[in-house]
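Asker: The sequence and its predicted three-dimensional model are supplied below.
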Number of protein chains: 2
Amino acid sequence: MANSPSGDSVTDRLLRVLETFTPTRTVQTAAEIGRRAGLPTSTAHRLVGELVEAGLLERDEDRRIRIGMRLWELATRSSQALRLRQAAMPSMERVQARIHEHTQLAILEQDEALFLERLSSPDSGANVTRVAGRLPLHASSSGLVLLAFGSRELQERILAAPLAPVSRETLTDAGALRRKLAEVRRLGHAIAPGYIEAVSTGAAVPIRDETGTVIAALSAVLPRDAAVDPPLVELHGAAREIAAALRDHG
Amino acid sequence: MANSPSGDSVTDRLLRVLETFTPTRTVQTAAEIGRRAGLPTSTAHRLVGELVEAGLLERDEDRRIRIGMRLWELATRSSQALRLRQAAMPSMERVQARIHEHTQLAILEQDEALFLERLSSPDSGANVTRVAGRLPLHASSSGLVLLAFGSRELQERILAAPLAPVSRETLTDAGALRRKLAEVRRLGHAIAPGYIEAVSTGAAVPIRDETGTVIAALSAVLPRDAAVDPPLVELHGAAREIAAALRDHG
């Protein structure tokens, strides 16, 4: 609808504007948004102005633009992200309180692991994960669970593409990744020692819906030398609880 | 940009589409969206199709539409809602663990209290608050804090408008509300016994930025007969901690 001379729809342009905001770039000028979104300056100013008017973006006293609270509210209040996260929170809080390490919830989104929640305490170790951030499927323990229990098409697509290293220990060989995925299916969980950062080990378990389909991964980021079995017992118990909570409040 | 014959912009139409999704209406057909957004059927189908293509909405196997994970991700990852919430989480978790009652974080948005976070345990009492949900300023303890420490213009606007009852005990008289706001400023916190539900009392304290401006409210929902002083001590301590965390990671 309402295509521009260059053929892109207003929805495309809106998406490109939203995509210029990242976890580390939360405030921009309208001109910067236009440049990064590949839009002519006048188009960018008009579109940003409209989005500010609607409350989907906000303009601060310095005329810089940020994501609007109204957009967050509309995108969150009826989202599956919130439903999953609310069902998971009591169990995640208990796991986090017991193991004192980062406890995280991720789903598969566009061939990556998208993190819906992360609970940490001040004494938790290093962790690059962010809420609403992503990690590659082949490198993160959550991603390995989502990949190992995902569709055959997904697995072949990931195995056929270049496997970029995140750390020196990330599996970048398709054969090694294929064997790792078989191990994850056999064990029922994924251990990723140093795949993301040399100092930490990821441990993840699947969360299943009532049909047995894996819909999310619950994970912990542990110091590299920590024992993984006690956290895994906590994670497995929590995953079963979360699945039950989703069934009950589905 | 790209105005329709009726004069509304595509941004307006997008906003109307997003607003048809609510906490209790998370899945709709394209036709229902069109009807609720006041859009012609063909326009609704085209716009919904474009938004699905962009991942901002998602279509399930029954061709019903829901908010897309991609929209949640883009609206969340760089938002002030996430920043505030992340700064508040460690303190909120501690309050929740100590008082075993709902612990909530709210900001002022469009003359209402918008809740960014709510932590609860299975044994917490009744509570209507939802994440990304709202409550009236004059009825909720969070709203009373945001109103009492808000601008004079905001106070006069709310005091001049009809004060709708939420429960039988909600303050609906402008004079009574004015006296309550003075009390909140004098005490430094708000107590709302039965204003939302007869069985519970809200207790809220302000969170201030480095200039002293109140930017959020931290609250607890207590059983009606519970003592309010111990939770208030926890809330005040947590509010100071959250303010410090925001300064440190600002």
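Answerer: Looks like it arrived, so ask away. Numbers count the residues shown, from 1 in each chain, chains lettered A, B, ... in the order given.

Asker: Who are the contact partners of the residue nearest to A:Arg178 when sequence neighbours are not counted?
Answerer: Nearest residue to A:Arg178 in three dimensions, chain neighbours excluded: A:Leu159, at 6.2 Å (CB to CB, 6 or more residues apart in numbering or on different chains). Just so you know, the C-beta spots here come from the backbone N, C-alpha and C atoms, and that holds for glycine as well. Applying CB atoms under 8 Å, 6 or more residues apart in numbering or on different chains, we find A:Leu159 in contact with A:Ala174, A:Leu177, A:Arg178.

Asker: Quick check: A:Leu159 vs chain B, distance?
Answerer: For A:Leu159, the distance to chain B equals 24 Å [CB to the nearest CB, to the nearest Å].

Asker: Assumed that residue was part of a helix.
Answerer: Yes - the assignment for A:Leu159 (DSSP: H, G, I helix; E, B strand; the rest coil) places it in a helix.

Asker: what pLDDT does it get?
Answerer: Looking at A:Leu159, its pLDDT reads 98.

Asker: quick revisit: now list the buried members of the contacts of A:Leu159.
Answerer: Neighbour-count burial (16 or more other CB atoms under 10 Å in any protein chain shown) applied to the contacts of A:Leu159 gives A:Leu177.

Asker: Return the member of the contacts of A:Leu159 nearest to chain B.
Answerer: Nearest to chain B out of the contacts of A:Leu159 is A:Leu177 (CB to the nearest CB; 24.5 Å).

Asker: List the contacts of the residue lying closest to A:Ser120 once chain neighbours are set aside.
Answerer: Excluding the flanking residues, the one nearest A:Ser120 by CB to CB, 6+ apart is A:His102, at 4.8 Å. Going by CB under 8 Å, 6+ apart, A:His102 touches A:Gln96, A:Arg118, A:Leu119, A:Ser120, A:Ser124, A:Gly125, A:Asn127, A:Thr129, A:Ala220, A:Val221.

Asker: Adding secondary structure and pLDDT, write these out as a markdown table.
Answerer: What follows is the contacts of A:His102, written out as a markdown table (DSSP: H, G, I helix; E, B strand; the rest coil; pLDDT from 0 to 100):
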| residue | secondary structure | pLDDT |
| --- | --- | --- |
| A:Gln96 | helix | 92 |
| A:Arg118 | strand | 94 |
| A:Leu119 | strand | 92 |
| A:Ser120 | coil | 86 |
| A:Ser124 | coil | 74 |
| A:Gly125 | coil | 75 |
| A:Asn127 | coil | 79 |
| A:Thr129 | coil | 86 |
| A:Ala220 | strand | 97 |
| A:Val221 | strand | 96 |
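
Asker: and A:Thr22, what pLDDT?
Answerer: Predicted confidence (pLDDT) for A:Thr22: 94.

Asker: what's the answer for A:Ile107, then?
Answerer: pLDDT, A:Ile107: 98.

Asker: looking at the sheet around it, what are its partners?
Answerer: A:Leu114 (DSSP bridges).

Asker: Need the phi and psi values for the residue nearest to A:Val221 when sequence neighbours are not counted.
Answerer: Nearest non-adjacent residue to A:Val221, counting by CB to CB, 6+ apart: A:His102, 4.1 Å away. Phi and psi for A:His102, reported as degrees, to the nearest 10, are phi -50, psi 130.

Asker: Please tell me the pLDDT value assigned to A:His102.
Answerer: For A:His102, pLDDT reads 94.

Asker: how far away is it from B:Ser140?
Answerer: Using CB to CB, to the nearest Å, one gets 32 Å for the distance from A:His102 to B:Ser140.

Asker: just A:His236 next, same as before
Answerer: Distance from A:His236 to B:Ser140, by CB to CB: 39 Å.

Asker: These two: which is more packed in?
Answerer: Counted by other CB atoms under 10 Å in any protein chain shown, A:His236 and B:Ser140 do not tie: B:Ser140 has more neighbours, with 31 against 15.

Asker: Kindly reformat the contacts of A:Leu159 as CSV and extend each row with pLDDT and secondary structure.
Answerer: Shown next, in CSV, are the contacts of A:Leu159 (pLDDT from 0 to 100; DSSP: H, G, I helix; E, B strand; the rest coil):
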residue, pLDDT, secondary structure
A:Ala174, 98, helix
A:Leu177, 98, helix
A:Arg178, 98, helix
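
Asker: Check the contacts of A:Leu159 against A:Ala81 and report the nearest one.
Answerer: Nearest to A:Ala81 among the contacts of A:Leu159: A:Leu177, at 27.5 Å, using CB to CB.

Asker: In space, what's closest to that closest one - neighbours in sequence excluded?
Answerer: Counting by CB to CB, 6+ apart, the nearest residue to A:Leu177 once its immediate chain neighbours are dropped is A:Leu171, at 4.8 Å.

Asker: A:Leu181 is in contact with that neighbour, correct?
Answerer: No - between A:Leu171 and A:Leu181 there is no contact under CB atoms under 8 Å: 9.7 Å.

Asker: what about those two, which has more around it?
Answerer: Using other CB under 10 Å as the criterion, A:Leu171 and A:Leu181 rank with A:Leu181 on top: 23 against 19.
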